[in-house]
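S.K.: predicted structure and sequence below. I'll ask about it afterward.
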Amino acid sequence: MSSLASIRHLLWDVDPASLDLAQHKTFIIARILQFGTPADIRWLLQTYAEGDIIATVQTSRTLDRRTANFWSVHYGIPAEEIRCLQRRWSPDCCS
């Protein structure tokens with residue numbers, strides 16, 4: 001797997017040295033999907049399997065609605081399968 005050095009700018013609230021690419025993949029993937037640049041997205045696609053990215057889109061409560069919707073369309077995931085797009089979730093989880 002790749003190093004976190006190229007996405008360090010997305011990890012403003014955590015110590016990148018404390019992150020493990022495998023153990024913290026959901027956090028890292030969600031952060032890149034939410035705030036990443038095209039270069040960050042390329043890094044993401046080279047580092048993680050598509051299934052891991054799709055699972056993060058489906059289960060993350062940190063993505064805002066616009067971001068979750070974009071990635072659901074990109075990957076062809078029905079909105080009903082996106083946790084953050086469900087009405088039953090508190091507005092705190094989705095902007």
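M.R.: Received, thanks. Numbering: from 1, shown residues only.

S.K.: which residue packs closest to the one residue sitting closest to the centre of the chain, ignoring adjacent ones?
M.R.: The centroid of the chain falls nearest to residue 30 when counting by CA atoms, centre = their mean (1.7 Å). In space, and not counting its chain neighbours, residue 30 is closest to residue 60: 4.6 Å by CB to CB, 6 or more residues apart in numbering. All C-beta atoms are positioned from the backbone trio N, CA, C, and that covers glycine.

S.K.: report the contact partners of residue 56.
M.R.: By CB atoms under 8 Å, 6 or more residues apart in numbering, the contact list for residue 56 reads 25, 26, 29, 30, 33.

S.K.: just the buried ones from these?
M.R.: Neighbour counting by 16 or more other CB atoms under 10 Å classes 25, 29, 30, 33 among the contacts of residue 56 as buried.

S.K.: among those residues, which are in helices?
M.R.: Counting by DSSP state H, the buried ones among the contacts of residue 56 place 25, 29, 30, 33 in helices.

S.K.: which residue, other than its chain neighbours, is closest to the second one?
M.R.: Spelled out, it's residue 29. Leaving aside its sequence neighbours, residue 29 sits nearest to residue 56 (CB to CB, 6+ apart; 4.2 Å).

S.K.: any idea how far residue 22 is from residue 28?
M.R.: According to CB to CB, to the nearest Å, residue 22 and residue 28 sit 10 Å apart.

S.K.: those two: who's more crowded?
M.R.: Taking other CB atoms under 10 Å, residue 22 and residue 28 do not tie; residue 28 has more neighbours (26 against 10).

S.K.: my read: that one touches residue 19, true?
M.R.: Yes: contact criterion CB atoms under 8 Å: residue 28 and residue 19 qualify, at 6.7 Å.

S.K.: can you list residues touching both of those two?
M.R.: Joint contacts of residue 28 and residue 19 (CB under 8 Å, 6+ apart) are residue 4.

S.K.: list the contacts of the helix or strand where residue 39 lies.
M.R.: Using DSSP states H and E, residue 39 sits in helix 38-47. Helix 38-47 is contacted from outside by 1, 2, 6, 7, 10, 21, 29, 32, 33, 36, 53, using CB under 8 Å, 6+ apart.
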